[in-house]
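In: Build me a model from this:
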Amino acid sequence: MPKPPPLTKSSLTYLARVTYPNTGTNTPGSWTIELKLNGEVMTRTFDNAPYGGANGTAYRQQIVSWLISKACV
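Out: Next up, the predicted model:
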């Protein structure tokens, strides 16, 4: 089976990771989103709490502003 062509450098890719406080729960303690575009990376970690934790609202706005600056929004 042939491989698909690689993504171009200008492709937006993302990775979402979750962490769990212990092995006895299915409820994440936090999650991290990593966005990549044109060789630049934006990474922010949110707590599993209302509004993403203490910095959640600020992190959300930083991500939106970063995407706007890259003409993605």
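
In: Low-confidence bits of the chain, can you list those?
Out: Residues of the chain meeting the criterion pLDDT under 70: 6-9.

In: Return the set of buried residues in the host helix or strand of residue 31.
Out: Element membership for residue 31 (DSSP states H and E) is strand 30-37. By 16 or more other C-beta atoms under 10 Å, the buried positions in strand 30-37 come out as 30, 33, 35-37. The way it works is simple: take the backbone N, C-alpha and C, and place the C-beta from them, glycine included.

In: for stretch 55-63, same thing?
Out: Buried residues in stretch 55-63, defined by neighbour count with 16+ other C-beta under 10 Å: 56, 59.

In: Other residues contacting that stretch?
Out: With contact meaning C-beta atoms under 8 Å, 6 or more residues apart in numbering, stretch 55-63 is reached by 33, 35, 42, 44-47, 49, 51-52.

In: Filter those down to the buried ones, PyMOL style.
Out: Buried members of the contacts of stretch 55-63, defined by 16+ other C-beta under 10 Å, are picked up in PyMOL with:
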select buried, resi 33+35+42+44+45+46+52
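
In: Please enumerate the helices of this structure.
Out: Ranges of helices in the chain, per DSSP state H, are 56-69.

In: Show me the contacts of stretch 55-63 that map onto strands.
Out: 33, 35, 42, 44-47 (DSSP state E).

In: Could you export the contacts of stretch 55-63 as TSV, including distance to residue 59?
Out: Putting the contacts of stretch 55-63 into TSV (distance: C-beta to C-beta, whole Å) gives the following:
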residue	distance to residue 59
33	9
35	12
42	10
44	4
45	8
46	6
47	10
49	12
51	10
52	6
